[in-house]
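Visitor: Provided below are the primary sequence and the corresponding predicted coordinates.
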Amino acid sequence: MKTFEHGGQIEKFAFDLGCSVAEIIDLSSNINFVKPQINIDFNTLDISSYPTYDKLYEKISSNYGVESSQIELFNGGSSAIFTLFKHLNLNSCTIYSPAYLEYKKASLNFGYELNTINRFEDINEKVKENSLVIFVNPSTPDGKYYDLEELMQTWIESSCTILIDESFLDFCDKASAIKYLETYDKLYILKSMTKFYSSAGIRVGTIVSTQQNIEKLKEFEPMWKLSQFDSNYLQAALDDKLFKNISKAINIKNKIELENILKNSTLVEEIFESSANYLLVKLANLNAKEFQEKLKPYKIMVRDCSNFDYLDDRFVRIAVKSSSANETLKKALQEIC
């Protein structure tokens, strides 16, 4: 079985190279490199009282065009995933793979019968009736956005419970699955806003569903799950009204730069189409570990994707970062060819 390790172990990488974390160009992490303006003095934040979340609920609901009663907050996206698996308590789970590895881990931990569908080869493969269906959109680790209209009809006809992970949807101007809540109630949508708002250290994840589903979820959830720091930080990030458009524009521009650099390298065999802030790359004549070793002198870190289902050791994910990071990667690829 493939393991569940994630990318972004930057401290170990820096330690092995004998340098500081600040010197590393971390292309393994898909956290947005553009940051919102946070106009808060946290030294003045009152933490003597228990946190309240009303304002955060209002800002998130406004951001996604839903009612506050349709969302529930969690201590990060992974916490939301594990809570939902436990709450639903279904018999089987189908994951359209490759996908974020925490889904497979949660499925196995909670005793679901696990099925995977290779979405690269046969996305229309039949799913088991009354099962939990997991679909990440845009996908990981390749970033492809899928029009879900036909798949939704198939899942609904099979009476499936559906979880759509839209953690990276904010990076593109594509339609959300939220619209399907008007006609189907066995639907949950995960929003892990900390990816787009460059705040993975602030653990806030959100599930959007029908009011009735959210009320049932809340019955088994503690009253306080987020710190006042988490809540206030994300509120401030959502208050930066210019951030969304500026961030998307910069990421798109830099992704085009990155694609052109990779297209001109003889080390790259294939680049997958992406609507997110990262690119899945199939290497030409070396594996991911060999590729990473060649990049070490340049202090560049990439994500080995060999532990994803249906991918082998020739696949790496490279995140979109600054133009200067792109230039360093370009120099490295030219010199190690």
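Guide: That came in fine, so what should we check first? Numbering: from 1, shown residues only.

Visitor: got the domain boundaries for this protein?
Guide: Listed domain ranges for the chain are 10-35+243-336, 47-239 (source: automatic domain parsing).

Visitor: possible to save the ones you listed as CSV with mean neighbour count and distance to D41?
Guide: Yep, even glycine has a C-beta here, placed from its N, CA and C like the rest. Below are the domains of the chain laid out as CSV (neighbours: other CB atoms under 10 Å; distance: least, CB to CB, whole Å):
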stretch, mean neighbour count, distance to D41
domain 10-35+243-336, 17, 17
domain 47-239, 18, 10
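
Visitor: would JSON lines of the ones you listed with mean pLDDT be doable?
Guide: Converted to JSON lines, the domains of the chain look like this (pLDDT from 0 to 100):
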{"stretch": "domain 10-35+243-336", "mean pLDDT": "95"}
{"stretch": "domain 47-239", "mean pLDDT": "93"}
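
Visitor: ranges for the strands of this protein?
Guide: 25-26, 71-74, 92-97, 113-118, 132-136, 161-165, 187-191, 205-208, 268-271, 278-283, 300-301, 303-304, 315-319 (DSSP state E).

Visitor: got these as CSV, with distance to N124 columns?
Guide: What follows is the strands of the chain, written out as CSV (distance: least, CB to CB, whole Å):
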stretch, distance to N124
strand 25-26, 37
strand 71-74, 31
strand 92-97, 11
strand 113-118, 9
strand 132-136, 13
strand 161-165, 16
strand 187-191, 20
strand 205-208, 26
strand 268-271, 23
strand 278-283, 22
strand 300-301, 37
strand 303-304, 29
strand 315-319, 23
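
Visitor: give me every residue that touches the residue nearest the centre of the chain.
Guide: Nearest to the mean C-alpha position of the chain, by CA atoms, centre = their mean, lies S167 at 4.3 Å. Residues counted as contacts of S167 (CB atoms under 8 Å, 6 or more residues apart in numbering) are 77, 100, 136, 190-192, 195.

Visitor: Now flag whichever of those is closest to I24.
Guide: K195 (19.5 Å; CB to CB).

Visitor: how near is the closest residue to that closest one other than its chain neighbours to Y278?
Guide: Leaving aside its chain neighbours, K195 sits nearest to S167 (5.3 Å; criterion: CB to CB, 6 or more residues apart in numbering). Remark: distance between S167 and Y278 (CB to CB, to the nearest Å) = 12 Å.

Visitor: got it, and I60?
Guide: According to CB to CB, I60 stands 24 Å off from Y278.
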